[in-house]
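have a look at this prediction, sequence included:
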Amino acid sequence: MSRESFHLSLKDTNVLKGLALLMLLAHHLFYRQYGLYDDIQITNNHCLVQDIGIWCKLCVAIFVFLSGYGLTVGAINSNGINNLKKLYLYPFTKLLMNYWLIWILFVPLSVFVFGRSFTDAYQTNIALKFILDLFGVINCFGWYGYNVTWWFYACIIVLYLSYPFLYRLMNKSVLMLLVVSFILYYLPGPFFHGSNIYYASFIYGMLLCKYEKAIKITPLWWILIFIFLAVERLYPTDGIHIFDAVLTISLVLAYKSITLPSIIHRFLEFAGKHSMNIFLFHTFIYYYWFRDFIYSSRNPIIIYLLLLFICLTVSILIELIKKTVCFDKLCNKIVQKNLQL
């Protein structure tokens, strides 16, 4: 089986990011009831919409998996990770520049128009938390930032920083790499808060990239595995995040086993291109600013489509702003300038 026959292209990655984004919105809208939306009782302990919302937390594992996969593609294409500066400069520049842009666009508006002050967000140690939050690492210290969903930035930064160690270990012993992922999962300490539980997904992304030539895709097999695991996902266990890593692999392989209708493929790819923007600002829309409006219909489908429409519209406007200020060129200029130092 050739590498090209399985390799996740940029389009594939965007499609999977788009799927993860749709799951992210469903998770945040419905994983808790709060009496804000109508639901359908399935059993005494399960309601349909809420169960879907809980299940959709798989989106985090998908994003992490794709990060591990993407870094490994870059490392393989660069014949290793000898140049750490080159390895880190572009992804970290992209991460922080996009993060700061959303800060500039949304946080002042939230403070001065919608009244969510830094005191409301941070409670204590405001100056320290503000600085840590500005660099996306506040969650490493066991605190939440101005936007609670930005905890993922700390998670991905820790995973990125540990990547050289994980990559070298992968080339020496896959078994040891898997053992390390298991140990890290149960390792206590605030620094790993939010990242240790996703090491398995990150590492599985690395491994899928490295050994993708050997992977045989049998459509029915992977689709059945995904359906089975998806059902089991509704009954959480202590190892659920390691379980999520396996479910993510089955999802990716199931996706590669089938041909999506072109309209769905194009929409998911389009949504995937906006996934970073929407991840960064959607909480302002549905939770901090317009919560009553978003949930006003109480109909889960209307609630979901309304938030999706608003988020895509806002993200398109943000992309126009980026284009106007030559944002991507600025990022590339910063990268090239620092590579020359």
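Looks like it arrived, so ask away. Numbering: from 1, shown residues only.

my guess is residue 118 meets residue 125, correct?
No: at 10.9 Å, residue 118 does not count as touching residue 125 under the criterion of C-beta atoms under 8 Å. Every C-beta, even on glycine, is put in place using the N, C-alpha and C of the backbone.

more neighbours, the two?
Shown here are residue 118 and residue 125; by other C-beta atoms under 10 Å, residue 118 has more neighbours (15 against 11).

now the more buried one, nearest residue through space, not along the chain?
Once flanking residues are discounted, residue 118 sits nearest to residue 126: 5.4 Å by C-beta to C-beta, 6 or more residues apart in numbering.

how confident was the prediction at the one you found?
Here the pLDDT value assigned to residue 126 is 92.

surely it meets residue 119?
Yes: Residue 126 is within contact range of residue 119, at 6.4 Å (criterion: C-beta under 8 Å).

more neighbours: which of the two?
A count of neighbours by other C-beta under 10 Å puts residue 126 above the other of residue 126 and residue 119, at 13 against 9.

so residue 106 is in which element?
Per DSSP states H and E, residue 106 falls inside helix 84-112.

how about that helix: buried residues?
87-91, 93-99, 101-103, 105-107, 110 (16 or more other C-beta atoms under 10 Å).

and stretch 36-46, by the same measure?
Of all the residues in stretch 36-46, those buried under the rule 16+ other C-beta under 10 Å are 36-37, 39.

circling back: quick check: next helix or strand after the helix holding residue 106?
Helix 84-112 is succeeded, C-terminally, by helix 118-122 (DSSP H and E).

and the strands in the stretch 1-150 of the chain, which stretches?
Assigned by DSSP state E, counting those that start in this stretch, the stretch 1-150 of the chain shows no strands.

so where's it uncertain?
1-6, 79-85 (pLDDT under 70).

need the helices for it, in chain order.
Secondary structure of the stretch 1-150 of the chain by DSSP state H, counting those that start in this stretch: the helices cover 3-6, 10-30, 48-55, 58-77, 84-112, 118-122, 126-134.

contacts only, for residue 27.
Going by C-beta atoms under 8 Å, 6 or more residues apart in numbering, residue 27 touches 53-54, 56-57, 59.

for it, which non-adjacent residue is spatially closest?
residue 56 (3.9 Å).

let me see the backbone angles for that neighbour.
phi -70, psi 0 (degrees, to the nearest 10).

the residue nearest to residue 118 and residue 278: what is the separation?
28 Å (C-beta to C-beta, to the nearest Å).

please apply the same query to residue 257.
28 Å.

ok, residue 322 next?
According to C-beta to C-beta, residue 322 and residue 278 sit 14 Å apart.

sorry, back to before: joint contacts of residue 126 and residue 119?
Listed as contacting both residue 126 and residue 119 by C-beta under 8 Å, 6+ apart is no residue at all.

what's in contact with stretch 167-180?
Stretch 167-180 has contacts (C-beta under 8 Å, 6+ apart) with 71-72, 75, 81, 166, 199, 203, 206-207, 210.

for those residues, which single residue is the most surrounded?
Most neighbours among the contacts of stretch 167-180, by other C-beta under 10 Å: residue 199, with 28 neighbours.

thinking it is in contact with residue 185, fair?
Yes: assessed by C-beta under 8 Å, residue 199 is found in contact with residue 185 at 6.4 Å.

kindly reformat the buried residues of stretch 36-46 as a markdown table containing distance to residue 262.
As requested, the buried residues of stretch 36-46 are arranged in a markdown table below (distance: C-beta to C-beta, whole Å):
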| residue | distance to residue 262 |
| --- | --- |
| 36 | 36 |
| 37 | 32 |
| 39 | 34 |
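
closest to residue 143 among those?
residue 36 (26.7 Å; C-beta to C-beta).

give me the pLDDT for the closest residue to the closest one other than its chain neighbours.
In space, and not counting its chain neighbours, residue 36 is closest to residue 295: 4.2 Å by C-beta to C-beta, 6+ apart. Residue 295 carries a pLDDT score of 94 in this model.

what about residue 13, distance to residue 28?
From residue 13 across to residue 28, the span is 22 Å (C-beta to C-beta).

quick one: which of those two has more around it?
residue 28 (20 against 16).

contacting residues around that one?
53, 149, 282-283, 286-287.

narrow the contacts of residue 27 to those that are buried.
For these, a neighbour count by 16+ other C-beta under 10 Å gives the buried set as 53-54, 56-57, 59.

quick one: residues contacting the most centrally placed residue in the chain.
When C-alpha atoms, centre = their mean is applied to the chain, the residue found nearest the centroid is residue 63 (3.6 Å). By C-beta under 8 Å, 6+ apart, the contact list for residue 63 reads 17, 20, 152, 156, 275.

the helix or strand encompassing the third one: which residues count as buried?
Put plainly, it is residue 152. Here residue 152, judged by DSSP H and E, is contained in helix 151-172. Across helix 151-172, burial judged by 16+ other C-beta under 10 Å covers 151-160, 162-164, 166-167, 169-170.

and if you look at stretch 60-76?
60-73, 75.

please identify which of those is nearest to residue 195.
Distance to residue 195 across the buried residues of stretch 60-76 (C-beta to C-beta) is lowest for residue 64, with 8.8 Å.
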